[in-house]
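>>> Pasting the sequence and the predicted model now:
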Amino acid sequence: MSSIDNKSEFKTTLFSSPKTRREAMKSLSTGMTVAALSGCVSIRKPKQIIKTYTHESTTTVPGLPNYYATSAVINNRVNSLLATTYEGRPTKLDGHPDYPENNGRSSAHIQAEIQQLYDPDRLKTHTLNGDYANVLTIKNVLGNISLDDSTLLVLPNHHSMVIESLLKSVKKSHVFIVDPLMNGNQNNAIYHFTGQRGFLHYNFKKTKFILNFESDFLGLESENIASLQSYMTHQSDIMHVSVSSHLSMTDSKADRIINQSPSHQREFIKALAHRVITQYGTEIDKAILKTINVDTTMVDTNQLNPLVDSLLSHKSAAIVMVGAAFESVYHALALAINTVLKNNGSTVHIKPYSDSSATIQPFNDTIDAIRTVFQTNRIKTVISFGVDLPRFMPNFSDVVGNALIINVCNYRNALSAFSAIHIAGTHFLEEWGLLKSDHNHICIQQPVIEPLYPDVLSHADVLTALVGSSFTVYQQVQTLLKSYNQSFDQLKSKGFIVGKSLASLRINKAPIAFSASETIRNDLTLTVSPSYYMLDGRYANNAWLHETPDPITKLTWGNAFIINTDFAKKNHLVTGDVVTIDVADARLKGPVIILPGQNRATISINYGYGAIYQTTFSGYGISTDGLDPYGHYPIQSVSKTNEHVTLADTQMNHGLDEESLAASGIKDRIKNILHIKTIAELDHAHHDDHHIHSLFKEQVYTGEHQWGMSIDLNACIGCHTCAVACQAENNIPIVGKDEVIKGREMSWIRIDRYFIENDHNDVTINYMPVACVHCENAPCEQVCPVNATVHDDEGLNVMTYNRCIGTRYCANNCPYKVRRFNFFDWHQKNPQSVEKKRIHLFDYFREPSAPTQKQFNPEVTIRMRGVMEKCTYCIQRISHAKLQKKLHGTPIDGLQTACQQSCPTNAIVFGDINQKNHPLQAARSSKRRYDLLQNELNTKPRTVYLAKIKRSVWKETPHEHH
Amino acid sequence: MNTINEQIHRVPLVLGDKSFKDVTDAIARPAEAKAPKWWVVGVLFSASVACILFAMIGYLIWDGVGVWGLNNPVGWGFAIVNFVFWVGIGHAGTLISAILFLFKQKWRTSINRFAEAMTIFAVICAGIFPGIHVGRIWLAYYLFPIPNSMAMWPNFKSALLWDVFAVSTYFTVSLLFWYVGLIPDLATFRDRAKTRVKRLAYGFFALGWSGSSRQWINYEKAYLILAAIATPLVLSVHSIVSFDFATSNLPGWHTTIFPPYFVAGAIFSGFAMVLTLLIIARKIFNLEDLVTIRHLENMNKFILATGTMVGYAYAMEFFMAWYSGNQYEAFAFVNRAFGPYAWAYWIMISCNVISPQFFWFRSLRTSIPVMFIISIFVNIGMWFERFVITVTSLHRDFLPSSWDYYTPTWVDIMTFVGSFGLFFSLFLLFLKFLPIISIAEVKGVMAIADPHHYESHTKKGGQL
Amino acid sequence: MSIFGYLCEVDNPKDLLDLSKKVYHAGYIKFDTYTPFPVHGIDKAMGIPLSRVPYLSLIGCLIGLTGAIALQVWTNGFDYPIALSGKPFVALPAFVPVTFELTILFTAFFTVFGMFAINKLPQWNQPIFNNESIKKATCSGFFLAISSDDKNFDIEKTKLFLERSGGKNIEAINH
């Protein structure tokens, strides 16, 4: 329990923990001291000071945001973050602009974390055998647990330095780190070669050729956000071939996708290793081949030969990657190939984990080890720090016996059924901590809000009580910092300390032998990979992420079995038909979705759905619990049921049936929409100026600034971070599954996904983010009868919400279909909304719950029902920047829209098109630039697109290779 | 239509050897007699259906436009379809009255009152839909140029605003036209009234009309002028309704053929609806002598002509879609005929283009059952025409990513059904309480009304 | 004068025309005929001048036309010009429909209410209604009434004149 103070005249803003914005304003105006005193009558809280981010002013001005540096483990990577707070309420999270692992950029999860904080479903109090237990009781119980080998601790990750130091006093107990998102097979392969646990770091600067077997290195398996940026920077020099059984975000950037089933890929990797290593490897290298048998009948040499050529001609400048679902032996083979080709040390670096205190084992090995511990020891107490063990251990009740289970969690989960004690956890924005990233950077975790519920305890708090330490976490952080020669205050302002990069591990021995690899000939394989947004299910109660469409399937609120078109035809399946699928240990039941690019012999499913928590939004989709988050399973049988469901996709999958009318409609126009060009075509394109004349004299916009945007389709990976950032910034409501099915999703920016099919086995996936393009001749404006959507002199197409009567004519006439209509009062319809206490005549009867209300960005109007809304180019930020310029002469350069600020690949550039030297100028004068639908409609959009480049990897004529 | 023609000459407009009083009696009878059972049942039934409409509107306002099936690409659905449908029906009345009046088509007299009433009620039904389809009904007054605290004015470049002016002008002028026509007949009812309440009620609306010739002179002039301005108004209203679509940039909406095509369609549907109602009414009220087969046949010829025009427009749209070479336009029309809404398209084609072709045959166009069935088909077909135009164009426009399918909800359907309840409620009230045929005008076209008639006492009955 | 005038009836439109001609030629001016429908030629027979309604219609037409243009040009072009779809503030082609509609609307109002004004409607209580028989005028009767205000009116002579001219059922209209 700690009180947080800001060194400012509004010292106690955070202290009193206003529950609503209105309350916050009220307390500000009526004097904070009184409120502060009344807030802590019983417990005198020690003063713990947080500091604003260096570059910003240090005083709190009502109505102006403060920025605080903090950090968190998100998607099991450490990110230094910047929290935007208004009067003590964090409203938005972004990457820390200087932090080398994200460079200020973020992911959809970072953006959605703010929703996790204010989630009204969070556990608020602790329980002991189902009854309320206060903090003292809980601490007493924890203090009395004997830390011997009858105690088992399960932690979600290895990054907290506070926990690492506390664990030093828990030597005798069993401590495990359960990380379902870890690429465990790669970890194992590295361990076999080097004897150390680690991960791979790719240097794209030196890379010229990538041969990728289903590694989603631009998506789930990315090392960090900075690695995406690095790839994009060097993308034009990298030839990228993806071998894939199901499409991934990474495949959208591949120059060629080779469609192969997982079984074929295994033989392909082996054949490749044989070719490369026997020819160029040393005797030590060849040792690995001893146990490797290739079934050459499964390898298409026409595909293999040119790839071998390319790898050989890019020695020390190529990467062979293998996806996390492949067994360790394939990772080892890839490592061996990379070593033989001298890529290792140049483009590929093996990095050890920075934390050596815990054994960072792969997920599966960890689960097995926990099982063993239960078998070999009499475990009396299990303390789980947010790890939902029963989901990973199917017969958990048999395993666990009658041990006391203490469940430190934010929601009731599967473990709850077994646990006698529930400890309500904090959100990271409420806790102190110190995190160390895999690249050895040290990040401060400072709370930017007083815990919403006074009882909650962080993992570090619980461990502190467990080991009986008398120091608060706040003090422990200070103590830990002493060895780093960094002032606490400085760190709080700056956010992180750049660590010294750990030396790469070297391979100088043959790997520990792998068991002989049998050829697997699956007729049909089920591939499992974590959902892009639910991950392992940890975000199962996050409505924003539920409603973010999957980049591949465009499904929201659930997952489905992705099947191939031919497979569907053969089995008379259509999208939405429910099937049951039997694999070795499990029977799964759920709807199918037919997608191009899916391998004929592969069915794919996303992990992390089903009833993960006992909360409002959890329970959507097909549960895959019991299967590996990353895994390939032979399918024993697929059977169709009589059930059919409607899937909540945001983009109908029309392109599926070759003969369908829609498919022809899409095929015809995709050329116009995407403008995919080869470099030669761009170079030789005569400057085709389409001068389309209006019948009238067009308006000339005379404002000082003229806003514009460019979106680089070469860089877009379809991750939807922009969409979630926009949702957080602009208070965009969620609508729920049924309304998505009706087609009423509210996202202001949507990521259009287009498949280009040459045939079912030769498909590319392309992304195109579309938000309001702010047409100079905006078709929406002329049709509005009440002048609710108009143009300003800076070229913005602005919405006047309080003028709008909701005819929806503008949406009909918008050729980009980017306008969103509030069919209902979505905030009232949200199942988490609460009944209003006071009702007067024109009030509705529900309102967002008290914590949800605090999340809203006060700079942006909450739209009522019946009103049209759309992207405004973050006009609140524009106004703020213009005001700052006027008041303080601050240059307007730093202005970013929320989507641009969050985009991990820098695909979006926003700025003043009149401003010389702005990066926007380069984009606007690029050969790749095109204006969507300009030639058709003369809309003169202010958002321009940079076309994706089409490159041919090799000539199709097969040639014999000896 | 009404050329010197032996055929026509032989058929008088008012059959039977009727005096002026006979005509008055015939027309006033329903209003004076005790309400028949079928009428009471009919009114109760349609009033209950009308209540559904108001219940649906209440629910809509309470909960939001989301109770309808609309979604992101399809911003307009049943409400706008119903609006255009009802406005279209509302065209026949004023058209029959005004245009036929100007062309001195005397056969109009026995159907014009009826048709005008239908216009008024159809426009009332039509007017409800754009009113309720907006997201914030309570702010719909922003549509009018009322000085306000925002200092803003409506946007006169918006076709929707033109529509507001067109429909409200049309309703107002149609109402005036109808009412002016009613004044002498209301005076007739007043003078025949048996009860004080009736005398006062009819008397109030008769404004003290005495049948004075000095008033008749001004009255006739005013009526002529109203007819003269109502004629271009009728043509303008559906043109402007079509501008809602034609001035947008949506493939399938953005076509220059829309104004004449919509006007033809409106006349088509309007005549069909008048026909449907008239066939029933003349049977019930024994008005076969006043509304003769010849009247009905003439209307069928109109239906045949306008139906063929509409068919031509459909064909021309397809031709232009192909001829323009615009892939978006071409796809929009192919999608209409063969896409997910093909069922609606083919209902439209069979009802609107094929069914009126039977009227080429005289035997069919003078057969009451045949024309009744065809008139119903045309009503259905014209509703689907509006559905096809509105929904199929919206559901697949430029960027395939936003394509979606629109399904109406039960609220959509019940609102539409309810609008028929309102229409028939009003219509039944009209049938009971007002002269359903213009008494003064019918008398005016009778042979005995012509002073010359008394110079040569050879013929009886009215004639052209 | 104690009575309002005389009311007499004839059988058919032709007789009414004849009677009206006689009354008019006898120099009566303040007289009127009452018919269930406008009788063709009655205006000439009675010497009624052309209706003034069209002039009012024209005024309404001009007010509607100029008012509509003025309203649109002023509001959209000058009072609060707003940039929309890159179009000029004053876009005359776009103003045509509303101008047309308002022209029609004002013409209709002036025509109808002008007609009412000229005909002095509404006038629910008129001396002519004091006679029960006039009720037939809205059904099948053809009547002629001469007002006692006419300078040629004479209680005896006028009655005699009507009888001789073919008027039937001559009654005095009371005030």
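Sure thing, it's come through. Values in this document were obtained by computation on a predicted structure and should not be read as measured data.

>>> Which parts of chain C belong to which domain?
C:3-50+C:128-174, C:53-118 (automatic domain parsing).

>>> list the contacts for whichever residue of the stretch 851-962 of chain A sits closest to chain B?
Going by C-beta to the nearest C-beta, chain B is nearest to residue A:866 of the stretch 851-962 of chain A, at 2.6 Å. In short, each C-beta sits where N, CA and C put it, glycine included. Counting by C-beta atoms under 8 Å, 6 or more residues apart in numbering or on different chains, residue A:866 touches A:804-806, A:822, B:64-65, B:134-137.

>>> again, but for residue B:452
Residue B:452 neighbours (C-beta under 8 Å, 6+ apart): residue C:14.

>>> Can you pull the phi/psi pair for it?
phi -70, psi -20 (degrees, to the nearest 10).

>>> can you check residue C:83 too?
Note on residue C:83: its backbone torsions stand at phi -70, psi 120 [degrees, to the nearest 10].

>>> what's the closest non-adjacent residue to it?
The shortest distance from residue C:83 to any non-neighbouring residue, by C-beta to C-beta, 6 or more residues apart in numbering or on different chains, is to residue A:791 (4.0 Å).

>>> Hmm, that neighbour is touching residue A:781, no?
Yes. Assessed by C-beta atoms under 8 Å, residue A:791 is found in contact with residue A:781 at 6.2 Å.

>>> Quick check on these two: which one has the bigger neighbour count.
More neighbours surround residue A:781 than the other of residue A:791 and residue A:781, with 26 against 23 (other C-beta atoms under 10 Å in any protein chain shown).

>>> part of a strand, is that one?
No. Looking at residue A:781 with DSSP: H, G, I helix; E, B strand; the rest coil, it is helix, so not inside a strand.

>>> what's downstream of the host helix or strand of residue B:378, the next helix or strand?
Here residue B:378 sits within helix B:368-387, counting by DSSP states H and E. Sequence-wise, the next helix or strand downstream of helix B:368-387 (DSSP H and E) is helix B:393-395.

>>> can you tell if that next one touches chain A?
Yes. Helix B:393-395 is in contact with chain A by C-beta under 8 Å from any C-beta of the partner chain, via residue B:394.

>>> quick one: that helix to chain centroid distance?
26 Å (C-alpha atoms, centre = their mean, to the nearest Å).

>>> Which neighbouring elements make contact with it?
Applying 3 or more C-beta pairs under 8 Å, 6 or more residues apart in numbering or on different chains; DSSP states H and E, we find helix B:393-395 packed against no helix or strand.

>>> Name the next helix or strand following it along the chain.
Criterion used, DSSP H and E; the element after helix B:393-395 is helix B:410-433.

>>> What is whatever helix or strand comes next after that next one packed up against?
Next helix or strand after helix B:410-433 toward the C-terminus (DSSP H and E): helix B:439-445. Judged by 3+ C-beta pairs under 8 Å, 6+ apart, helix B:439-445 is in contact with helix B:20-32, helix B:109-133, helix B:159-192.

>>> Of all the residues in the second one, which ones are buried?
Along helix B:109-133, the positions that meet the burial threshold by neighbour count (16 or more other C-beta atoms under 10 Å in any protein chain shown) are B:109-130, B:132-133.

>>> The longest one too?
Residues B:159-178, B:180-192 are the ones in helix B:159-192 that count as buried (16+ other C-beta under 10 Å).

>>> Which secondary structure elements does that helix sit against?
Helix B:159-192 packs on helix B:20-32, helix B:78-94, helix B:109-133, helix B:196-206, helix B:213-246, helix B:439-445, helix C:92-118, going by 3+ C-beta pairs under 8 Å, 6+ apart.

>>> Quick one: mean pLDDT for it?
Mean pLDDT, helix B:159-192: 93.

>>> for the first one, same thing?
Per-residue pLDDT over helix B:20-32 has a mean of 86.

>>> what is the orientation angle of it with helix B:109-133?
Helix B:20-32 and helix B:109-133 are oriented at 30 degrees to each other (axes from the mean of the first three to the mean of the last three C-alpha atoms, to 10 degrees).

>>> just checking, what packs against helix B:20-32?
helix B:159-192, helix B:410-433, helix B:439-445.

>>> Check whether the nearest residue to residue A:127 once chain neighbours are set aside sits in a helix, strand or coil.
In space, and not counting its chain neighbours, residue A:127 is closest to residue A:422: 4.6 Å by C-beta to C-beta, 6+ apart. Classification of residue A:422 using three-state DSSP returns strand.

>>> Run a quick neighbour tally on residue A:422.
24.

>>> what bridges to it?
Beta-bridge partners recorded for residue A:422 (DSSP bridges): residue A:127, residue A:407.

>>> Please determine how far it is located from residue A:713.
48 Å (C-beta to C-beta, to the nearest Å).

>>> where does residue A:699 sit relative to residue B:35, distance-wise?
Distance from residue A:699 to residue B:35, counting by C-beta to C-beta: 63 Å.

>>> So residue A:69: helix, strand or coil?
strand.

>>> Which one of the residues in chain A is closest to chain B?
For chain A, C-beta to the nearest C-beta, closest residue to chain B: residue A:806, 2.0 Å.

>>> so that residue sits right up against residue A:821, yeah?
Yes. When contacts are counted by C-beta under 8 Å, residue A:806 is listed as touching residue A:821 (6.8 Å).

>>> Overlap in contacts, these two.
A:867-868, B:65, B:135.

>>> what's the closest of those residues to residue B:379?
Of all the shared contacts of residue A:806 and residue A:821, residue B:65 has the smallest distance to residue B:379: 26.7 Å, by C-beta to C-beta.

>>> per-residue confidence for the closest one?
93.

>>> I figured residue A:193 was touching residue A:332, is that so?
Yes. Using C-beta under 8 Å, residue A:193 is in contact with residue A:332, at 6.9 Å.

>>> Wait, a helix at residue B:354?
Yes. Counting by three-state DSSP, residue B:354 is located in a helix.

>>> so how far is the worst-scoring helix or strand of chain C on mean pLDDT from its chain's centroid?
Ranked by mean pLDDT, DSSP states H and E, the weakest helix or strand in chain C is strand C:168-174, scoring a mean of 87. Relative to its chain's centre, strand C:168-174 lies at 24 Å (C-alpha atoms, centre = their mean).

>>> on that earlier part again, can you redo the helices and strands packed on helix B:20-32 as a markdown table with distance to residue B:209?
Below are the helices and strands packed on helix B:20-32 laid out as a markdown table (distance: least, C-beta to C-beta, whole Å):
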| stretch | distance to residue B:209 |
| --- | --- |
| helix B:159-192 | 4 |
| helix B:410-433 | 17 |
| helix B:439-445 | 10 |
